[in-house]
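Peer 1: Fold the following, please.
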Amino acid sequence: AKLARPDQPCPSCTALLDQFDGAVGHLQAAGFNFAVVGKTGLENLVTLGRDRGWRNMRLVSSAANSFKRDYNAEAADGSQIPLLSVFHRDPDGIRHFWSSELDFAPTEPGQDPRGLGTCETLWNLMDFTPEGRPNWNEQLQYGEACCH
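Peer 2: The predicted structure is shown next:
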């Protein structure tokens, strides 16, 4: 979805995080940690989280470091690339284990990119229907009917 202003959050990423927030408590109970890294300042992230009703996710800003660029979540021009990364801690330290990398692959004609869509409940539920995924994009607001 096209952003109206450069300082607005990505509607698709926001919809995904809306879904993840409910799962974080379950992940923590199973012994996992979960954090969201955003390029904007921490105050903006906290405000977005409060406005969206996020209660469970730890929000971290990478505004003052190269974390997102280092892990291919930021293009050379500074634009943000959606990426899910998994890190593993062992006695030797913290190591990168896995990242969703399909955003780097060319999209098949007539198909949407599948970088994070495989772990997004919203799209997975649409996949179960006879119609499949519609020609539709997530929005930050849907009027009074949804979401926050």
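Peer 1: and the helix or strand of the chain with the lowest mean pLDDT, C-alpha only, in CSV?
Peer 2: Lowest on mean pLDDT, DSSP states H and E among the helices and strands of the chain sits helix 121-127, with a mean of 83. Taking C-alpha atoms only, helix 121-127 is exported to CSV below (Å, rounded to 0.1, in the frame of the first residue of the first chain):
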residue,chain,number,x,y,z
THR,A,121,-2.9,-15.0,9.7
LEU,A,122,-5.0,-12.5,7.9
TRP,A,123,-3.7,-13.7,4.4
ASN,A,124,-3.6,-17.3,5.5
LEU,A,125,-7.3,-17.2,6.4
MET,A,126,-8.1,-15.7,3.0
ASP,A,127,-6.1,-18.5,1.4
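Peer 1: And it, what does it pack against?
Peer 2: In terms of contacts (3 or more C-beta pairs under 8 Å, 6 or more residues apart in numbering; DSSP states H and E), helix 121-127 is packed against helix 11-29. Bear in mind the C-beta positions are built from the backbone N, C-alpha and C, glycine included.
Peer 1: Can you name the residues in contact with the helix or strand that contains residue 37?
Peer 2: Assigned by DSSP states H and E, residue 37 falls within strand 35-38. For strand 35-38, contacts defined as C-beta atoms under 8 Å, 6 or more residues apart in numbering pick out 9, 17, 20, 44-45, 57-62, 67-68, 73.
Peer 1: quick one: least confident of those residues?
Peer 2: Across the contacts of strand 35-38, the smallest pLDDT goes to residue 9, namely 84.
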